[in-house]
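1. let me see the structure of the following:
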Amino acid sequence: MDGEPKESGDIRRLSSVTLAEVAEAAGLGESTVSRVLRNEGSFSRKARARVMEAVERLGYVPNRIAGTLASAGSRLVAFVIPSLSNIVFPDLLRGASGVLEANQHQAVFAVTDYDPGREEALVAAMLAWRPTAVVLAGFEHNEGTRKMLRASGRRVVEVLDLDGEPVDIAVGFSNRAAGRESAAFLLKRGYRRIGYVGHDLERDTRAGKRHAGFCAALETAGFPLVDRQINAGPSSVESGRQGLEQLLARSPGLDAVYFSNDDMAIGGYFHCLARGISIPSQLAIFGYNGLDIGRVTPQPLSTIRTPRVVTGQVAAELVVSNAPPQMVDLGFELIEGATA
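-> From the prediction side, this is the model:
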């Protein structure tokens, strides 16, 4: 107990070490110490060794927040993404982080839970840090969000969609085209009584665009969608399993079902296994995203594979190179699989 006040005092002391104190301990000017700690500009190997020895001895922690706010050209890149439970977005961040780190930029992120109002608040909070760029999913934002982005003077990269007008740069693929190609594949295989299982299409606007493209292609071919089951909330394996059960209870004569993504499709696959429904002879299943789990199921999932990691890489490359406004179409790949 006697040691607690001393420990607390030590913690306060460690947290209050300043750049000036490091400079004094190293016998160097503050500007030299700052260059060493940022690893920018000119300094000698001997100066670096003296600075790092002083940093270690004093327990100095650089105030990155103060340095970021003080500079309009910060090296932060803000990602405002809908979800972390959906593997799409961790893959996007994984692709971007390697490029950013190699170019001495730092990714920070916030999660909107597909809520446009929350996205607007988070964009405002991120812009207060004066990041180099803001990266967002899709084109559907509140008007307040769009106004902030346009007025910010920051680079803006909208990813994972090309069906819309970008604020600045867009990197991704057409979700409507992915929906159309999925429908064309099922029709080519001879399926005619087709249903749909999905999650909240108003919140997940990219899933909504795929659904619209899919339905339009079926209509054009003369075989409109027979039935659909839209479950509230985010996509999940459980939601996909429940959704297919509900859909087949109403429309037992379906011969194929298109799912909003692979999470949902894997849930549908599990439902078929549990109920003894033969895939694809009794019911075909088609997903979207090309997740790893879909490749290792007993019957590999028929799906669209999207370039999520590459999307992150390209977005980061355009940011660090200060590229001009543009739209980059990375396309997608149809995986025939064994479920359709």
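
2. right, and the helix or strand after the lowest-mean-pLDDT helix or strand in the chain?
-> Ranked by mean pLDDT, DSSP states H and E, the weakest helix or strand in the chain is helix 4-15, scoring a mean of 37. Using DSSP states H and E, the next helix or strand after helix 4-15 towards the C-terminus is helix 19-26.

3. name the residues that touch whichever helix or strand comes after that following helix?
-> Next along the chain after helix 19-26, taking DSSP H and E as the criterion, comes helix 30-38. By C-beta atoms under 8 Å, 6 or more residues apart in numbering, the residues outside helix 30-38 that reach it are 19-20, 22-23, 26, 41-43, 47-48, 51-52, 55, 62, 67. C-beta: built from backbone N, CA, C; applies to glycine.

4. also stretch 110-128?
-> Residues outside stretch 110-128 that contact it (C-beta under 8 Å, 6+ apart): 69, 78-84, 108, 134, 136, 140-142, 144-145, 148-149, 152, 154, 200, 203-204, 234.

5. ok, and the closest non-adjacent residue to G172?
-> Among residues not flanking G172 along the chain, L160 sits closest, at 4.5 Å (C-beta to C-beta, 6 or more residues apart in numbering).

6. what's near enough to touch the one you found?
-> By C-beta under 8 Å, 6+ apart, the contact list for L160 reads V88, L92, A137, G138, G172, F173, R206, T306, R308, T311.

7. so which elements touch the host helix or strand of the second one?
-> Yep, that's L92 we're talking about. Using DSSP H and E, L92 maps to helix 88-102. Here helix 88-102 touches strand 76-81, strand 106-111, helix 308-320, going by 3 or more C-beta pairs under 8 Å, 6 or more residues apart in numbering; DSSP states H and E.

8. got the contact list for it?
-> Applying C-beta under 8 Å, 6+ apart, the external contacts of helix 88-102 come out as 77, 79, 81-84, 106-107, 109, 135, 137, 159-160, 289, 306, 308-313, 315-317, 319-320.

9. now restrict those residues to buried residues only.
-> Among the contacts of helix 88-102, those classed as buried by 16 or more other C-beta atoms under 10 Å are 77, 79, 81-83, 106-107, 109, 135, 137, 159-160, 289, 306, 308-309, 311-313, 315-317, 319-320.

10. domains for this protein, by residue range?
-> Per the record, the chain has its domains at 4-62, 71-173+308-330, 175-305, by automatic domain parsing.

11. give the rounded mean pLDDT of the second one.
-> Averaging pLDDT along domain 71-173+308-330 gives 93.

12. over to stretch 281-301?
-> Stretch 281-301 carries an average pLDDT of 96.

13. hey, where'd the strands end up in the stretch 51-200 of the chain?
-> Listed in chain order, the strands of the stretch 51-200 of the chain (DSSP state E, counting those that start in this stretch) span 76-81, 106-111, 133-137, 155-159, 169-172, 194-198.

14. how far does the fifth one sit from its chain's centre?
-> It stands for strand 169-172. Relative to the chain's own centre, strand 169-172 is displaced by 13 Å; criterion: C-alpha atoms, centre = their mean, to the nearest Å.

15. so what strands line up beside that strand?
-> As defined by DSSP bridges, the strand partners of strand 169-172 come to strand 155-159 (parallel), strand 326-329 (parallel).

16. using PDB, list the CA coordinates for the first one.
-> When you say that, I think you mean strand 155-159. What follows is strand 155-159, C-alpha atoms only, in PDB (Å, rounded to 0.1, in the frame of the first residue of the first chain):
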ATOM      1  CA  ARG A 155      -8.800  13.500 -50.700                       C
ATOM      2  CA  VAL A 156     -12.000  11.300 -50.700                       C
ATOM      3  CA  VAL A 157     -12.000   7.700 -51.900                       C
ATOM      4  CA  GLU A 158     -15.300   5.800 -52.100                       C
ATOM      5  CA  VAL A 159     -14.800   2.100 -52.400                       C
END
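
17. between helix 308-320 and it, find me the angle.
-> Inter-element angle recorded for strand 155-159 and helix 308-320: 170 degrees (by axes from the mean of the first three to the mean of the last three C-alpha atoms, to 10 degrees).

18. shift numbering so it begins at 34
-> In the new numbering, first residue 34, that becomes strand 188-192.

19. ok, and what's touching strand 188-192?
-> With C-beta under 8 Å, 6+ apart as the contact definition, strand 188-192 has outside contacts at 125, 165-172, 182, 197, 199-205, 344-345, 348, 351-352, 355.

20. how about stretch 205-216?
-> Under C-beta under 8 Å, 6+ apart, the answer for stretch 205-216 is 191-196, 227, 239-240, 242-251, 254, 291, 319, 321, 337, 339-340, 344, 361-365, 367.
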